[in-house]
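**Student:** Show me how the following folds:
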Amino acid sequence: MTTLKQIEIGFLEKTKDFIMKIEYDFGFNRHIRFRHPSSSFYWFDIITWDGSLVINGEYGTWVFSRLPDMFCFFRIDPGDFNYNREGMSINPDYWAEKLKACDRGSSSATEFSHKLFEQNIKKEFDEYEFETEDLAVDCWKEIEEEVLCYSDNQHEAMTAANNFSHKSGFNLENFWEVDSHDFRIEYIWCLYAIVWGIQQYDEFKSAEKEIFRGY
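**Tutor:** Alright, predicted model coming up:
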């Protein structure tokens with residue numbers, strides 16, 4: 001599985017030469033563009049109005065709604081529990097609860113992960129106490145042949161898992177309760193884009209204030 005840190009590093013590498021252009025900025029209403037000066041790759045726009053924020057770009061369109069000023073919603077302070085001192089701070093779980101619309105073709109911010117599915121199967125297997133080592137070896141072989149071979153397809157994988165049983169007594173009849181979904185890379189990428197974009201905006205506004213103070 002791709003980690004949050006890997007996505008963050010990839011995002012920062014792809015956007016290191018981006019230029020911010022403020023198309024509109026009045027109160028809670030903003031339209032801010034982020035582009036590479038010589039390429040259209042990985043572009044994104046952030047648009048806000050009272051109570052809503054839309055990010056639109058290379059990684060899809062996602063709509064959030066929570067506070068009148070959505071920039072305040074996405075700013076994470078050093079005192080917050082999920083503040084990341086070594087990088088950008090995001091809160092995927094909580095922010096997903098505030099999603100009002102997902103990118104076309106996506107029903108949510110998460111998707112079935114075959115790697116997480118396989119990890120969950122292994123966890124169930126490791127926690128079971130087999131009477132002999134031979135039974136454990138035989139059981140795992142059958143799991144590979146009858147369950148893990150379907151891990152690329154959610155429906156087939158879950159059906160195979162729920163129907164699996166072994167002569168040792170090990171079974172996965174309650175595996176349907178185990179969540180094998182993980183956040184979409186596109187969703188996480190856009191969260192980093194929002195946080196980074198707000199940082200660029202805040203730095204610009206702060207510098208703008210300093211200029212006005214100088215007059």
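
**Student:** Do you have the helices of the chain handy? List them.
**Tutor:** Secondary structure of the chain (DSSP state H): helices at 4-14, 70-74, 92-96, 114-127, 133-146, 154-163, 185-213.

**Student:** avg pLDDT for the fourth one?
**Tutor:** The average pLDDT within helix 114-127 is 96.

**Student:** what does the third one give?
**Tutor:** Helix 92-96 comes out with an average pLDDT of 95.

**Student:** what comes up buried for it?
**Tutor:** For helix 92-96, a neighbour-count test (16 or more other Cβ atoms under 10 Å) marks 92, 95, 96 as buried. (Each C-beta comes from the backbone N, C-alpha and C, glycine too.)

**Student:** next one: that helix to chain centre, how far?
**Tutor:** Averaging C-alpha positions (Cα atoms, centre = their mean, to the nearest Å) puts helix 92-96 8 Å from its chain's average.

**Student:** Tell me the helices and strands packed up against it.
**Tutor:** Secondary-structure packing of helix 92-96 (3 or more Cβ pairs under 8 Å, 6 or more residues apart in numbering; DSSP states H and E): helix 185-213.

**Student:** Which residue lies nearest the spatial centre of this protein?
**Tutor:** Computing the C-alpha centroid of the chain and ranking residues by Cα atoms, centre = their mean puts residue 188 first, at 3.0 Å.

**Student:** Go ahead and confirm that residue touches residue 6.
**Tutor:** No - Residue 188 lies out of contact with residue 6 (Cβ atoms under 8 Å); the separation is 9.8 Å.

**Student:** what are the pairing partners of the strand ranked longest in the chain, and which direction each?
**Tutor:** Using DSSP state E to define each element, the chain has its longest strand at strand 39-49. Neighbouring strands of strand 39-49 in its sheet, by DSSP bridges, are strand 29-36 (antiparallel), strand 52-57 (antiparallel).

**Student:** For it, buried residues please.
**Tutor:** Result for strand 39-49 [16+ other Cβ under 10 Å]: buried residues 42, 43, 44, 45, 46, 47, 48.

**Student:** now swap in stretch 152-161 and tell me
**Tutor:** Buried-residue list, stretch 152-161, by 16+ other Cβ under 10 Å: 154, 157, 158, 160, 161.

**Student:** Give me the contacts around that stretch.
**Tutor:** Residues outside stretch 152-161 that contact it (Cβ atoms under 8 Å, 6 or more residues apart in numbering): 112, 114, 117, 121, 146-147, 149-151, 172, 175-176, 180.

**Student:** Repeat that for stretch 136-144.
**Tutor:** 121, 125, 130, 164, 166, 167, 168, 170.

**Student:** Can you tell me the closest non-neighbouring residue to the fifth one?
**Tutor:** The shortest distance from residue 166 to any non-neighbouring residue, by Cβ to Cβ, 6 or more residues apart in numbering, is to residue 139 (4.4 Å).

**Student:** That neighbour: neighbour count?
**Tutor:** Residues lying near residue 139 (other Cβ atoms under 10 Å) number 21.

**Student:** Likewise for residue 205?
**Tutor:** Neighbour tally, residue 205, other Cβ under 10 Å: 12.
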